[in-house]
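> need a structure here:
(one chain, ligands or ions: 1)
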Amino acid sequence: MSELNALHDLLKGLGDEVVRSGERIVGRRNADWSGIPAVPPLAVLYPRTTREVSQALSICHAHNQPVAVQGGLSGLAGGGCTQAGDIALSLERMNTIEDIDEIAATMTVQAGVTLQTVQERAHEAGMMFPLDLGARGSCTIGGNLGSNAGGNRVIKYGMARAQVLDLEAVLADGRIVGGVRKMVKNNAGFDLRNLLIGSEGTLGVITRAVLQLQARPGSVATAWCGLADFDRVTALLRLTRNRLATGISAFEVMWPGYYEYVLANVDGLRAPLSARHGCYVLLESVGGDPARHQADFEKVLQDCLEAGIIEDAVVAASDSDAREFWNVRDAPTAFPILMPRLIAFDISFSIADMGRVSQDCVARLGARWPGSTVLVYGHLGDGNLHVIVDIVGASDETVLQVEAMVYGLVEEYAGSVSAEHGIGLKKRGVLGHTRSRADLEAMRAIKLALDPRDILNRGKIFPDELLTRRMND
Ligand SMILES: Cc1cc2nc3c(=O)[nH]c(=O)nc-3n(C[C@H](O)[C@H](O)[C@H](O)COP(=O)(O)OP(=O)(O)OC[C@H]3O[C@@H](n4cnc5c(N)ncnc54)[C@H](O)[C@@H]3O)c2cc1C
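Next comes the predicted model:
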């Protein structure tokens, strides 16, 4: 009955423009891209202001009503999915860009603005917002911050966390914390901004943020390199990082299994190099003066060739060449169709370990499941590996065994079970491979201090045994 009382009070306080239920939400998508099925929510809240978010949460808190926090629902961990008894809180109507400050190079936005809109507005203002990922058209700044998204340019600009000066959020009981100050330096007490970023909607609802914009690069140089082995890949990373004055903006590595699979199976791809190599790297650097930057880039690659670090390389002569290189790297968007039962991993390691991890992973999975497809690629500069496993006719039991093997490897090499997609519902059971008991207890203590009734994204992030211990027990 408590949920009916909550709905009654929400309607009374916020009206049916904000609170929608029944017929008005039939057919709505309530799940993200994780593949985890969602249970239809009791209602969906569409607040327009921070004040309305605050009102909504204080009513839900009073009624012990669980709330699923949702941005663009492009997440890959199930963080935004609704579960039995949830009310969904969507930020999609809070989509205003409030301010662009050309002196501070900042943009102040509401949390429901899409990443692509932010990128476009920054571009129009002669600057750049560097966060970038495949779901840019649908994901929102609130979701990017909630999940501390990574993506394509982390090696130069950092993850979402590094691109925010301040944020405003609403706690579970409706109190509003933080704000939209534009300072880089602010050591006045605990950094609540960084506590909320990456907390996947479990500690508070982000409502507004001040984003740090960057200078728009005058030049982008891109190359596709073939190398003999992984030791040479790390040598290339070291050398290009040290020699290119403006640094590198992407360093994507692909092992031969991946390269050969995508060229054979994904339509419209062209092999950047004709010969076979032990590893492939897509290298990108952004700079200021186009002629000088391109010449420096080519000189560094020439030196790498002469030093035997790379076996061969091709430099993009046009945007369309660069696009063709990126198409080979972005081919995984076709994987769900090519391998509907694929098992995907987003894991991270110290860069020096990535060669051995990849080798062990392919060898162990291949020995246990001969004939399986195992593809390895990733944002090497960030220590992030993506591993795709496809075993024809795999049962649920086999999937669990594959996960146990790969996450066992993560533990063995002191890596992380989630590099950039978060934990959500999907990885709760394996969080203990990466975080100690003391870490998990500390996280739970923070959760219960800020959300004592456990209403925000209930049941997410924490393993089952910690979920049973509620503050009010
Ligand atoms: C094709 C594709 C490519 C992708 N590529 C990448 C990639 O390269 N790197 C990467 O990191 N991710 C990637 N993702 C995953 C996803 O796009 C990101 O996690 C994105 O940041 C989620 O944003 P969203 O608005 O869709 O959030 P949602 O999916 O709605 O939510 C994500 C999480 O954030 C929480 N949340 C949402 N809004 C708020 C808010 N206002 N306040 C607090 N918490 C909130 C939710 O509760 C949930 O836990 C990709 C996804 C797809 C489909």
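
> Residue numbers of the chain in contact with the ligand?
Residues of the chain found near the ligand (Cβ under 6 Å from any ligand atom) are 32-33, 69-76, 79-80, 91, 111, 133-135, 139-140, 142-144, 146-147, 149-151, 200-201, 205-206, 333, 420-421, 424, 457. (Each C-beta comes from the backbone N, C-alpha and C, glycine too.)

> Could you rerun that using 5 Å?
By the rule Cβ under 5 Å from any ligand atom, the part of the chain lying against the ligand is 32-33, 69-76, 79-80, 91, 111, 133-135, 139-140, 142-144, 146-147, 149-151, 200-201, 205-206, 420.

> Which among the residues you listed count as buried?
Buried by 16 or more other Cβ atoms under 10 Å: 32-33, 69-76, 79-80, 91, 111, 133, 135, 139-140, 142-144, 146-147, 149-151, 200-201, 205-206, 420, out of the residues of the chain next to the ligand.

> now, which of those lie within helices?
142, 143, 144, 146 (DSSP state H).

> In contact with the closest residue in space to the last one that isn't next to it in sequence, which residues?
Same thing as residue 146. Leaving aside its sequence neighbours, residue 146 sits nearest to residue 201 (Cβ to Cβ, 6 or more residues apart in numbering; 5.0 Å). Neighbouring residues of residue 201 by Cβ atoms under 8 Å, 6 or more residues apart in numbering: 68, 69, 79, 80, 146, 456, 457, 460.

> Output the lowest mean pLDDT helix or strand found in the protein.
The weakest-scoring helix or strand in the chain, judged by mean pLDDT, DSSP states H and E, is helix 464-467 (a mean of 74).

> which other helices and strands contact that helix?
Packing partners of helix 464-467 (3 or more Cβ pairs under 8 Å, 6 or more residues apart in numbering; DSSP states H and E): helix 437-450.

> May I have the helix it packs on as PDB, with CA atoms only?
Provided in PDB are the C-alpha atoms of helix 437-450 (Å, rounded to 0.1, in the frame of the first residue of the first chain):
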ATOM      1  CA  ARG A 437      35.800  -6.500   2.000                       C
ATOM      2  CA  ALA A 438      36.900  -3.300   3.800                       C
ATOM      3  CA  ASP A 439      36.400  -1.300   0.600                       C
ATOM      4  CA  LEU A 440      32.900  -2.700   0.200                       C
ATOM      5  CA  GLU A 441      32.000  -2.000   3.800                       C
ATOM      6  CA  ALA A 442      33.200   1.600   3.500                       C
ATOM      7  CA  MET A 443      31.200   2.100   0.300                       C
ATOM      8  CA  ARG A 444      28.100   0.700   2.000                       C
ATOM      9  CA  ALA A 445      28.600   3.000   5.000                       C
ATOM     10  CA  ILE A 446      28.700   6.000   2.700                       C
ATOM     11  CA  LYS A 447      25.600   4.800   0.900                       C
ATOM     12  CA  LEU A 448      23.600   4.400   4.100                       C
ATOM     13  CA  ALA A 449      24.800   7.800   5.400                       C
ATOM     14  CA  LEU A 450      23.500   9.600   2.300                       C
END
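
> Please spell out which residues along that helix are buried.
Residues 440, 443, 444, 447, 450 are the ones in helix 437-450 that count as buried (16+ other Cβ under 10 Å).

> Please identify which pair of those residues lies farthest apart.
440 and 450 (16.2 Å; Cβ to Cβ).

> Check what pLDDT the spatially closest residue to residue 247 that is not a sequence neighbour gets.
Nearest non-adjacent residue to residue 247, counting by Cβ to Cβ, 6+ apart: residue 156, 5.6 Å away. pLDDT recorded at residue 156 is 94.

> for the residue nearest to residue 152 when sequence neighbours are not counted, what are its contacts?
Using Cβ to Cβ, 6+ apart and skipping the chain neighbours, the partner closest in space to residue 152 is residue 132 (4.8 Å). The neighbourhood of residue 132, defined by Cβ under 8 Å, 6+ apart, consists of 115, 119, 151, 152, 153.

> Now flag whichever of those is closest to the ligand.
residue 151 (3.9 Å; Cβ to the nearest ligand atom).

> any idea how far residue 3 is from that closest one?
Note on residue 151: its distance to residue 3, by Cβ to Cβ, to the nearest Å, is 37 Å.

> How about residue 113?
Per Cβ to Cβ, residue 113 is found 31 Å from residue 3.

> More neighbours: these two, which one.
For residue 113 and residue 3, the more surrounded residue by other Cβ atoms under 10 Å is residue 113, and the numbers stand at 25 against 17.

> hang on, residue 262 packs against residue 327?
No: assessed by Cβ atoms under 8 Å, residue 262 is found out of contact with residue 327, at 9.1 Å.

> For the contacts of residue 132, give me TSV that also has pLDDT.
What follows is the contacts of residue 132, written out as TSV (pLDDT from 0 to 100):
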residue	pLDDT
115	98
119	98
151	88
152	81
153	87
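
> Most neighbours of all those, which one?
residue 115 (26 neighbours).

> Just give the closest residue to it, not the sequence neighbours.
Excluding its sequence neighbours, the residue lying closest to residue 115 (Cβ to Cβ, 6+ apart) is residue 136, at 4.5 Å.

> Same check on residue 341?
Distances taken as Cβ to Cβ, 6+ apart put residue 394 closest to residue 341, at 6.0 Å, once the chain neighbours are dropped.

> returning to that earlier point: burial count for the residue nearest to residue 247?
Residue 156: 19 neighbours (other Cβ under 10 Å).

> Find the nearest non-adjacent residue to the most centrally placed residue in the chain, please.
Nearest to the geometric centre of the chain sits residue 149, at 3.2 Å (Cα atoms, centre = their mean). Nearest non-adjacent residue to residue 149, counting by Cβ to Cβ, 6+ apart: residue 160, 4.7 Å away.

> cool, and residue 241?
Closest to residue 241 by Cβ to Cβ, 6+ apart is residue 248, at 6.1 Å.

> That neighbour: how many residues sit nearby?
21.

> re earlier: I'd say the residue nearest to the centre of the chain and residue 159 touch.
Yes: the pair residue 149 and residue 159 passes the contact test of Cβ under 8 Å, sitting 6.7 Å apart.

> Which neighbours do those two have in common?
In contact with both residue 149 and residue 159: residue 420, using Cβ under 8 Å, 6+ apart.

> quick one: the closest residue to the ligand within the stretch 201-350 of the chain and residue 80, what's the gap?
Proximity of the stretch 201-350 of the chain to the ligand (Cβ to the nearest ligand atom) peaks at residue 201, 2.8 Å away. Using Cβ to Cβ, we find residue 201 at a distance of 7 Å from residue 80.

> which residues are common contacts for these two?
Shared contacts of residue 201 and residue 80, defined by Cβ under 8 Å, 6+ apart, are found at 68, 69.

> in the least confident helix or strand of the chain, what counts as buried?
Residues of helix 464-467 classed as buried by neighbour count (16+ other Cβ under 10 Å): residue 466.

> What is the burial count for the residue nearest to residue 341?
Neighbour tally, residue 394, other Cβ under 10 Å: 18.
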